[in-house]
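Participant: got a predicted model here, sequence first, then my questions.
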Number of protein chains: 2
Amino acid sequence: MTKNLYDDARITAVGLVMEVYAGLAARFAAQFEEHGLSTVEFEVLMRLARSPEHQLRMTDLAAQTSLSTSGVTRVVDRMERDGLLGRRACPSDRRSAYAVVTESGMARLDETLPGHIQLIQDWFIGQLEPADLASLLDSLRIVRDAVHPGATAGSTGAAAGANTAC
Amino acid sequence: MTKNLYDDARITAVGLVMEVYAGLAARFAAQFEEHGLSTVEFEVLMRLARSPEHQLRMTDLAAQTSLSTSGVTRVVDRMERDGLLGRRACPSDRRSAYAVVTESGMARLDETLPGHIQLIQDWFIGQLEPADLASLLDSLRIVRDAVHPGATAGSTGAAAGANTAC
DNA sequence: CAGGGAATATTGCTACGACTATAGTTGCTC
DNA sequence: GAGCAACTATAGTCGTAGCAATATTCCCTG
């Protein structure tokens, strides 16, 4: 018999990552839906809430969410229609537009967040010993920094990172 | 100021998982595309290749891939059209149908796999010290077993697990 | 200041996948 | 054996996201 590459330990290692992701994502999605949000909508809300003035340029939002710019346009369309977000013209660059969270959007997020954190606690954090968790996060950080698609709003952009200030 | 839940350490912990997943998935997808495969097509090919006789019932395939049954139908349609898969009637249960990998499908997988494993080595395994990697996998396994959406072809089905044998 | 190239957002087109309904098959019960 | 519930696969419909094309604006160079 030839050696079986299909059961290679390296394959199963990434399989583990994928399964953990899939499991968590599915549970999160179910809880988001209870509050009328999809996963990407929650992600958009979170990214904006963590930004100064609760707003971000469309392009920056796309960079931070692993969505294309057109995808961001559609999501913001929907959320604007639902009153969660608003658009604001950028004073210094008329090409750019800000997506800004409305009061209603912040309220929706505040209403969703406690349950979300509870899920994280129950299915992820709480499953591990504190020392193991710390070690796990360290390792994940290393891999993240290597793979690093610029999701952390950090130093990915070759240009000066301050263009968030428009 | 009110306490800021949006930067909660627990949120950033799952953010880490999501970012690692997204980064790996994007790189994998690019390599799959070089061989004319999408991510789900590769996953289907892998699941079938790891099964006895290189075949699986449509329902079982759906259970193992976090795809719906109709999704599996469409994917198998495409892959059958491309000659990677074939359909075979189940002799003992005429409701069921097997999806079976063709010679061409196995060849495609064998052609794709080395590069895939190389990516895993470069961006995941190779980033960590062996001891840290082992610890990481242990922790991931614990979380996986908790979240456990039955992706491992294990004991999810309430009925006897042996229905893979049709 | 005129013009070319880069950047930004949007829209049309297309592909993919989930939800639902439908048709066929099986096994159980009376 | 007829009827009925459960299961399997498929087809219809809809929502969502990516890619390419477009219009506008900005910046830099002459």
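Facilitator: It's in.
Participant: residue A:7: how many residues sit nearby?
Facilitator: Per other C-beta atoms under 10 Å in any protein chain shown, the neighbour tally for residue A:7 reads 10. Placement of C-beta: from N, CA and C, glycine included.
Participant: ok, it to DNA strand D distance?
Facilitator: Distance, residue A:7 to DNA strand D, by C-beta to the nearest atom of the strand, to the nearest Å: 24 Å.
Participant: where's the closest residue to that residue other than its chain neighbours relative to residue B:109, distance?
Facilitator: In space, and not counting its chain neighbours, residue A:7 is closest to residue B:50: 6.6 Å by C-beta to C-beta, 6 or more residues apart in numbering or on different chains. Distance of residue B:50 to residue B:109, computed by C-beta to C-beta, to the nearest Å: 10 Å.
Participant: the more surrounded of these two?
Facilitator: Neighbours of residue B:50 and residue B:109, each counted by other C-beta under 10 Å, are more numerous for residue B:109; the result is 23 against 15.
Participant: residues contacting that one?
Facilitator: Counting by C-beta atoms under 8 Å, 6 or more residues apart in numbering or on different chains, residue B:109 makes contact with B:42, B:45, B:46, B:49, B:101.
Participant: do that again at 10 Å, thanks
Facilitator: Counting by C-beta atoms under 10 Å, 6 or more residues apart in numbering or on different chains, residue B:109 makes contact with A:5-6, B:35, B:37, B:41-42, B:45-46, B:48-49, B:54, B:84, B:101, B:116.
Participant: residues shared between the contacts of residue B:50 and residue B:109?
Facilitator: residue A:6.
Participant: re earlier: in ChimeraX, select just the buried ones from the contacts of residue B:109.
Facilitator: Only the buried entries of the contacts of residue B:109 go into this ChimeraX selection, using 16 or more other C-beta atoms under 10 Å in any protein chain shown:
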select /A:6 /B:37,41,42,45,46,48,49,54,84,101,116
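Participant: export the contacts of residue B:109 as CSV, with columns for pLDDT and secondary structure.
Facilitator: CSV is the format used below for the contacts of residue B:109 (pLDDT from 0 to 100; DSSP: H, G, I helix; E, B strand; the rest coil):
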residue, pLDDT, secondary structure
A:5, 82, helix
A:6, 86, helix
B:35, 94, coil
B:37, 95, coil
B:41, 96, helix
B:42, 97, helix
B:45, 96, helix
B:46, 96, helix
B:48, 96, helix
B:49, 96, helix
B:54, 96, helix
B:84, 96, coil
B:101, 97, strand
B:116, 96, helix
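Participant: what is the nearest of the contacts of residue B:109 to residue A:78?
Facilitator: residue B:41 (29.6 Å; C-beta to C-beta).
Participant: pretty sure that closest one contacts residue B:75?
Facilitator: Yes - at 6.5 Å, residue B:41 counts as touching residue B:75 under the criterion of C-beta atoms under 10 Å.
Participant: get me the contact residues on chain A for DNA strand C.
Facilitator: With C-beta under 7 Å from any atom of the strand as the criterion, chain A meets DNA strand C at residues A:57-59, A:62, A:69-70, A:72-74, A:76-77, A:87, A:93, A:95-97, A:163.
Participant: is residue A:94 in a helix, a strand, or coil?
Facilitator: Under DSSP: H, G, I helix; E, B strand; the rest coil, the three-state class of residue A:94 is coil.
Participant: and it, how many neighbours does it have?
Facilitator: 8.
Participant: burial count for residue A:34?
Facilitator: 10.
Participant: in what helix or strand does the closest residue to it other than its chain neighbours lie?
Facilitator: Excluding the flanking residues, the one nearest residue A:34 by C-beta to C-beta, 6+ apart is residue A:115, at 7.5 Å. Using DSSP states H and E, residue A:115 maps to helix A:103-123.
Participant: would you mark the buried spots in that helix?
Facilitator: A:105, A:106, A:108, A:109, A:112, A:113, A:116, A:117, A:119, A:120, A:123.
Participant: just stretch A:132-144 next, same as before
Facilitator: A:133, A:135, A:136, A:137, A:139, A:140, A:142, A:143, A:144.
Participant: what do you get for stretch A:27-39?
Facilitator: So, applying 16+ other C-beta under 10 Å, buried residues of stretch A:27-39: A:27, A:28, A:32, A:37.
Participant: what about the one residue sitting closest to the centre of chain A, which helix or strand?
Facilitator: Closest to where the C-alpha atoms of chain A average out (C-alpha atoms, centre = their mean) is residue A:43, at 4.4 Å. Per DSSP H and E: residue A:43 is located in helix A:39-49.
Participant: which residues are in contact with the very next helix or strand once past that helix?
Facilitator: Per DSSP H and E, helix A:39-49 leads on to strand A:55-57 as the next helix or strand towards the C-terminus. Strand A:55-57 is contacted from outside by A:44, A:47-48, A:50-51, A:61-65, A:72, A:85-88, A:90, A:93, A:95-101, A:153, A:163-166, using C-beta under 10 Å, 6+ apart.
Participant: what lines up beside strand A:55-57 in the sheet?
Facilitator: Here strand A:55-57 has these sheet partners by DSSP bridges: strand A:97-101 (antiparallel).
Participant: so the partner strand versus helix A:39-49, what angle?
Facilitator: On the basis of axes from the mean of the first three to the mean of the last three C-alpha atoms, to 10 degrees, strand A:97-101 is oriented at 100 degrees to helix A:39-49.
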